[in-house]
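Asker: whatever this is, show me its structure:
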Amino acid sequence: MVYSCHKYNLYLLPPYSCIPFKSKSISTIYVSQQNPNEQQQQQQQQQQQHILRKHNSKSTSFLLHHLSQKHDSSQQQQEQLIPKPSDLQDSMPHKEKVQLLELSLVRKRTPQFPGSIYAQSPSDPDVGSSLPPLRTLFQSTSSHIDDDDEIIMRAIEIRRKVTEEVFKEAMMRKGKFGITYTTNLISRLQGFIDFIMIEAANMKKLPEYSHSTFNLRAKTVIEDSQVVPLIRWLKHNSVSYPRIAKLILMSRGKFESIRNRVMWLKSIHVRGDYLGVALVSAGENILQRSNEELDEIVEYLESNGVRKDWMGFVMSRCPQLLSYSLEEVKNRVHFYLDMGLNQKDFGTMVFDYPKVLGYLTMEEMKLKVDYLKEFGLQTKDVGRLLAFKPELMACSIDEQWKPLVKYFYYHGITRDGMRRMLTLKPMVFCIDLEMTIVPKVRFFQDMGVRDDAIGSMLVKFPTLLTYSLYKKIRPVIIFLMTKAGVSERDIAKVVAMGPELLGCSITDKLEVNVKYFLSLGIRLGQLGDMIANFPMLLRYNIDVLRPKYSFLRRTMVRPLEDLIEFPRFFSYSLDGRIIPRHKVLVENQINIKLRYMLACSDEEFNKLVKDLIRKRQSFQSAGITEDTKCQPQ
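Answerer: Model (predicted):
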């Protein structure tokens, strides 16, 4: 049986032997089908035909030399055909380099289909030989320097991701944390992840870890640091994960200092989320300080009026105190005590606003005290003012106080008026000018209040600026115009004369008084006129109004029109002015209007009574004289 093919002629002889020989045209394959005995006879005949030739020493050496040259040439040809790793490096695209790098550094390898080029599982016996060596990727030739730097940075990034996966596994298995919490926490711990990665790399120098994998070394670093139980303990103490991450980075590997400082804060009654706030806001040196230093600060504050049960509140609101030395704390305390504050006032001030003691620098505190003195206040006055409203120390001079003072000057408020406002309601100097004060002033201007009246109104009642425009001021004005009978023409007058009326409660004060006056028989329009003449009418309590009205109607026997004409009658004291002057008028048989009876001083009232008595006597004497002249003689 014969098969023809090109280039080679093959004789397939039994048993399945083949001998190739070259031919330029057609190759023929002879496949013989003979018995085994016949095949053996043919082989013996062929061996007998090939008789080995004997050579002498020279011919033998020449043959060996010829064969060696032929072997070397064939080996050189094979080496030329087989590419070197450096040659492969030059032809390897950058994308394939990155894929090979990721394949070599990933922590878990995905299964591949049979026949893959590279083994993908660490359990494969040929995993080391199937992957090309990574050193072929980092050739230091000048043409690939930038490319190699990128590959190195990519290798570090991949190693960092592997470390994150190891740490995530420790968090979820050992710490029993959820995937969301773990992911959010690790995203803020890049510095600590690098620390684990470096320590795990250094552990390879140790004999016991020289042949271990990176994953095992990273896991060992995490377990030795005891960071996972610490995170669980901090989370149990209500410390949020952003602050846990900051504390871990601040500790620089000394995690036991975090636990010690948390226990100390709990000993002074710092609770809840403020544990993390106090530690993070106090600065990095809080973890390096000893408990003895912190105890000295607490004891000194207690000796100056800050009660022990207040200490946790103070430290949680002003943790900067924990970063100061004892000398610095003493200087800050004496700064306020030198302004005349006693220990009780100082302790109350620190409790009301702990930042007054540790939030600002000493230079800023002195500048603000000096600025407050420019309003005409003495040092002791400033001390009492800060004890009453320590939030003033948190205000900015350039951003808050100076624009506010300029705005008040524009509306006619003098320095004395500002001093009164600062004394009565220091909160005015803490609120925002553009967002709070300006809209209220514009609202009063739109109502019809004159600019000169606005300044006097604010000086008279500075608390008005602290009220809400839409929740307090507008509802009161709407009530006055709809329920109290104040006309649109008089509403600006009412607000300018009685700004205190805007601070009254509608349900508890204004509505009750309006119902009382209407129950007396006063019509709504008349009540509006009474309020326009005397806006403070609605601010009195019913218990004060009722006995005065009863005395007016029953004892003085005055009509209701006198009260409508002079509503200021309710502003005078019943026992101190109304009753004594009524007795004087009754004894002297004089009847005058309420306005002339009450709206004057005692000297003016006595002079008025004497003048009325003298006029009456002169009138009576004149009448007697005329009567005597008219009598017949």
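Asker: what's the average pLDDT for stretch 443-452?
Answerer: For stretch 443-452, mean pLDDT is 90.
Asker: give me the contact list for that stretch.
Answerer: Here stretch 443-452 makes contact (CB atoms under 8 Å, 6 or more residues apart in numbering) with 411-412, 454, 457, 469, 473-474, 477, 491-492, 495-496. Quick note: C-beta positions are derived from backbone N, CA and C, even for glycine.
Asker: what do you get for stretch 579-589?
Answerer: Here stretch 579-589 makes contact (CB under 8 Å, 6+ apart) with 551, 555-556, 590-592, 597-598, 605, 609, 612-613.
Asker: now the residues you listed: which count as buried?
Answerer: The neighbour-count criterion (16 or more other CB atoms under 10 Å) marks 556, 597-598, 605, 609, 612 among those as buried.
Asker: looking at those residues, which one is closest to residue 519?
Answerer: Taking CB to CB as the measure, residue 519 lies nearest residue 556 of those, at 20.1 Å.
Asker: residues touching that closest one, list them.
Answerer: residue 582.
Asker: give me the local confidence score for the residue nearest to residue 323 when sequence neighbours are not counted.
Answerer: Spatially, and ignoring its direct neighbours in sequence, residue 323 is nearest to residue 283 (4.4 Å; CB to CB, 6 or more residues apart in numbering). Looking at residue 283, its pLDDT reads 76.
Asker: who are the packing partners of the helix or strand hosting residue 258?
Answerer: Secondary structure from DSSP states H and E places residue 258 in helix 255-267. Judged by 3 or more CB pairs under 8 Å, 6 or more residues apart in numbering; DSSP states H and E, the packing partners of helix 255-267 are helix 227-236, helix 241-251, helix 274-281, helix 291-303.
Asker: related to what we said a few turns ago, isn't the residue nearest to residue 323 up against residue 289?
Answerer: No. With contact defined as CB atoms under 8 Å, residue 283 does not reach residue 289; the gap is 9.9 Å.
Asker: before we move on, the earlier item: need the buried ones among the contacts of stretch 579-589 in JSON lines (columns: secondary structure and distance to residue 333).
Answerer: What follows is these, written out as JSON lines (DSSP: H, G, I helix; E, B strand; the rest coil; distance: CB to CB, whole Å):
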{"residue": "556", "secondary structure": "coil", "distance to residue 333": "62"}
{"residue": "597", "secondary structure": "helix", "distance to residue 333": "59"}
{"residue": "598", "secondary structure": "helix", "distance to residue 333": "54"}
{"residue": "605", "secondary structure": "helix", "distance to residue 333": "57"}
{"residue": "609", "secondary structure": "helix", "distance to residue 333": "63"}
{"residue": "612", "secondary structure": "helix", "distance to residue 333": "67"}
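Asker: can you list the residues you listed in JSON lines and add distance to residue 545?
Answerer: Formatted as JSON lines, those follow (distance: CB to CB, whole Å):
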{"residue": "556", "distance to residue 545": "15"}
{"residue": "597", "distance to residue 545": "18"}
{"residue": "598", "distance to residue 545": "15"}
{"residue": "605", "distance to residue 545": "23"}
{"residue": "609", "distance to residue 545": "27"}
{"residue": "612", "distance to residue 545": "30"}
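Asker: which of those lies closest to residue 439?
Answerer: The closest of these, once distances to residue 439 are taken by CB to CB, is residue 598, at 40.2 Å.
Asker: ok, now which ones touch that closest one?
Answerer: Residue 598 neighbours (CB under 8 Å, 6+ apart): 566, 568-569, 572, 577-578, 581.
Asker: residue 440 now?
Answerer: Taking CB under 8 Å, 6+ apart, one finds 464-465, 467, 469, 473 in contact with residue 440.
Asker: what's the closest of these to residue 534?
Answerer: Closest approach to residue 534 among the contacts of residue 440 (CB to CB): residue 464, at 19.0 Å.
Asker: just checking, that closest one touches residue 456?
Answerer: No. If you go by CB under 8 Å, residue 464 and residue 456 don't touch, sitting 12.0 Å apart.
Asker: the more surrounded of these two?
Answerer: Remark: of residue 464 and residue 456, residue 464 carries more neighbours, 20 against 17, as counted by other CB atoms under 10 Å.
Asker: nearest residue to that one in space, please, no chain neighbours.
Answerer: residue 499 (5.1 Å).
Asker: show me the contacts for that neighbour.
Answerer: Residue 499 sits in contact with 457-458, 460-461, 464, where contact means CB under 8 Å, 6+ apart.
Asker: most neighbours among those residues, please name it.
Answerer: Result: residue 458 is most packed of the contacts of residue 499 (other CB under 10 Å), 26 neighbours.
Asker: returning to that earlier point: turn the buried ones among the contacts of residue 598 into a named ChimeraX selection, would you?
Answerer: Burial among the contacts of residue 598 is assessed by 16+ other CB under 10 Å; the matching ChimeraX selection reads:
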select :566,568,569,578,581
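Asker: could you redo the contacts of residue 598 as CSV and give each row distance to residue 224?
Answerer: Putting the contacts of residue 598 into CSV (distance: CB to CB, whole Å) gives the following:
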residue, distance to residue 224
566, 91
568, 85
569, 88
572, 86
577, 88
578, 89
581, 94
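Asker: which of the contacts of residue 598 sits closest to residue 512?
Answerer: residue 569 (19.3 Å).
Asker: where do the strands sit along this structure?
Answerer: All strands of the chain, identified by DSSP state E, fall at 2-13, 17-31.
Asker: if we can go back for a sec, most neighbours among the contacts of stretch 443-452, please name it.
Answerer: Ranking the contacts of stretch 443-452 using other CB under 10 Å puts residue 495 first, with 26 neighbours.
Asker: do I have it right that it meets residue 477?
Answerer: Yes. Using CB under 8 Å, residue 495 makes contact with residue 477 at a distance of 7.2 Å.
Asker: joint contacts of the two?
Answerer: In contact with both residue 495 and residue 477: 447, 502, using CB under 8 Å, 6+ apart.
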